[in-house]
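*Asks:* with the input below, show me the fold.
(chains A and B)
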Amino acid sequence: MKIIALDSSGLVASVAVLEDGTLLAEYSVNYKKTHSQTLLPMLDEIVRMTELDKSSIDAIAVAAGPGSFTGLRIGSATAKGLGLALGKPIIEVPTLAGMAYNMPYTSGLVCPVMDARRQQVYNGIYKFDGAVLKTIIDQRPIAAADLIRELNEMDPELTRAGVIFLGDGSYVVEPYAKENLKIPFSFAPAHLARQRAGAVGALAMQLFKQGKYVRAEEHAPIYLRKSQAEQERERALGNQNTEC
Amino acid sequence: MAHTDILAIESSCDETAAAVVRDGREVLSNVIYTQIAMHTVYGGVVPELASRAHIEKINYVVQKALDDAGKTLDDIDAVAVTYGPGLVGALLVGVAEAKAIAWAADKPLIGVHHIEGHICANYIEHPDLKPPYLGLIVSGGHTHLIIVEDWAKFRILGRTVDDAAGEAFDKVARAIGLGYPGGPKIDKVSKEGNPNAIVFPKAKVNGSEYNFSFSGLKSAVLNYFNHAQMTGEEVNKADLAASFQKCVVDVLCEHTVQAAKEHDIKEVALAGGVASNSALRAGLAEACEKNGLHLFVPSPVYCTDNAVMIGVAAFHEYEAGTRSGWDLNAVPNLKLGER
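*Replies:* Next up is the predicted model:
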């Protein structure tokens, strides 16, 4: 089974090709250049390098969200275009689970964090049983301060081996952790600390075997947040209702 | 003779559209999913919501365009997409989708300028229209007076220095309580009004004598309306709308006729969403008739945003050898004639 994997949810653009248990190629760029200009040329490069026959691809995996709204849509539209042209399904990998999958065999909690601005992060809390990823708390937006409080209040059985943070939200969380976190914590090293399409693809292999995939036309990003216009409108309508 | 069939995608604003066009003339399919209803409650296009709707609908729209044309990707010679100008998030959906389709299907990719598309909409129904001719593009985002020197060569004579004409329609309609989208609402209510009831001042515009300005006119209309409301005068909205509309139509017609005379051009093509406005169609037809000019106007369905026009423009670019790379990006403020 062959999979193309894409992650453009954050600053990193990352693409990979996997065949069963093998990562054939992976290309990641963490540089301020728009994903629209980098993602497809990167994919083209690794497909040519591995002399891959595009029609032999079985599915397209994509980091489906959360993340930068525009970044997510570039990844999603690319995946959908590939799915349409190749007639293949899309495996939607939750961005934070994909990031956590960088760190199998970790004994402590794995806590990926993405900068969601205004001292908030997108985060999920995960634990590994060997190479098997278990979701303790599903991905959501949360204030950095609240995340630290939540970790402090968790079952000591879960937090005994500490927690490791990764992702571009580490800078947001770090001062709060230093100030208040009562369990041992650390930050992932450079090569594991960001989105990687290899991890997205490897997790996608497992999801695919569980039948968790969608038709390309059905896929849309998981934003986890409404647009500002919708939020403002709901607030306005809410205010009206309380006045009535 | 072998045909050239182009799959075209357009997502620059609030319509998700795809089409298959043969040889730049023949429409094999034309699929448009409009988001107008979704944006109406906000009184205008919300860019983030537009982008979200595009990504949800795009594969259905593209697949339907292929199915309606009775084609598979194997039959397609090139994939074309609008890459600017427009809303960046909205454009990016179509651009990423088109790139991925072209790449996966091993087809050439052609990035198309949205305004070039609007002008080319005229070729669908008017096979006798050939460059050089004068183009007037009027929409919610653009107001351009251009000379089409060759199939894929344009010279801008004048453009709006502030609001686009369609934008002024939307803003005036919203302010006087007609709702969104403003163009069709003003068009409709104006039919019951007197276009000579109120005389608004004409704007003086810096730069090219063919430039337009609609911001001052819009303010004049709003001031008139607000003043009347404050003093408790009853405003005849039909008269107000008709007088405003006449002002817009007059300046568009005057500039077009003057440019045709100066450049000794006998053919004029109208394009863009506002080209479906009945007063503009009638006004320009009358002005052209009076001055011995031949006017071309697309059917309303090809005036508002659609992918057929992108497929037509792409055909001429394809013939000229234009090909885009896999790094094609959305360019929200893309200028006409730039690549």
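
*Asks:* quick one, longest helix in chain A?
*Replies:* Counting residues, the longest helix in chain A under DSSP state H turns out to be helix A:69-86.

*Asks:* report the central residue of chain A.
*Replies:* A:Thr95 (1.5 Å; CA atoms, centre = their mean).

*Asks:* surely that one is in contact with A:Asn123?
*Replies:* No. Counting by CB atoms under 8 Å, A:Thr95 stays clear of A:Asn123, with 10.6 Å between them. Every C-beta, even on glycine, is put in place using the N, C-alpha and C of the backbone.

*Asks:* contact residues of chain A facing chain B?
*Replies:* A:34, A:36-41, A:43-44, A:54, A:69-70, A:73-74, A:76-86, A:216-217, A:220-221, A:223, A:227-230, A:233 (CB under 8 Å from any CB of the partner chain).

*Asks:* find the nearest non-adjacent residue to the closest residue to chain A within the stretch 51-200 of chain B, please.
*Replies:* In the stretch 51-200 of chain B, the residue that lies nearest chain A is B:Ala100 (2.7 Å; CB to the nearest CB). Once flanking residues are discounted, B:Ala100 sits nearest to A:Gly81: 2.7 Å by CB to CB, 6 or more residues apart in numbering or on different chains.

*Asks:* how many other residues sit next to the one you found?
*Replies:* 31 (other CB atoms under 10 Å in any protein chain shown).

*Asks:* pretty sure it contacts B:Val93?
*Replies:* No. Using CB under 8 Å, A:Gly81 is not in contact with B:Val93; the gap is 9.9 Å.

*Asks:* once you drop chain neighbours, what's closest to residue 220?
*Replies:* Because you didn't say which chain, this covers chain A. B:Glu56 (5.0 Å).

*Asks:* wrong one, I was asking about chain B
*Replies:* B:Phe200 (4.8 Å).

*Asks:* so where's the chain uncertain?
*Replies:* I went with chain A, as the question did not name one. Within chain A, the stretches with pLDDT under 70 are A:240-244.

*Asks:* try chain B instead
*Replies:* Residues of chain B that meet the cut-off, pLDDT under 70, sit at B:1.

*Asks:* quick one on the thing from earlier: surely the residue nearest to B:Ala220 is in a helix?
*Replies:* No. Going by DSSP: H, G, I helix; E, B strand; the rest coil, the assignment for B:Phe200 is coil, not a helix.

*Asks:* hang on, the earlier thing: who are the packing partners of the longest helix of chain A?
*Replies:* strand A:2-7, helix A:35-49, strand A:59-65, strand A:90-94, helix B:47-69, helix B:88-104 (3 or more CB pairs under 8 Å, 6 or more residues apart in numbering or on different chains; DSSP states H and E).

*Asks:* as a markdown table, those with distance to B:Tyr33 would be great.
*Replies:* Output for the helices and strands packed on helix A:69-86, formatted as a markdown table (distance: least, CB to CB, whole Å):
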| stretch | distance to B:Tyr33 |
| --- | --- |
| strand A:2-7 | 25 |
| helix A:35-49 | 22 |
| strand A:59-65 | 22 |
| strand A:90-94 | 20 |
| helix B:47-69 | 5 |
| helix B:88-104 | 12 |
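
*Asks:* tell me which of the ones you listed sits nearest to B:Ser11.
*Replies:* Evaluated with CB to CB, those place helix B:88-104 nearest to B:Ser11, the distance being 3.4 Å.
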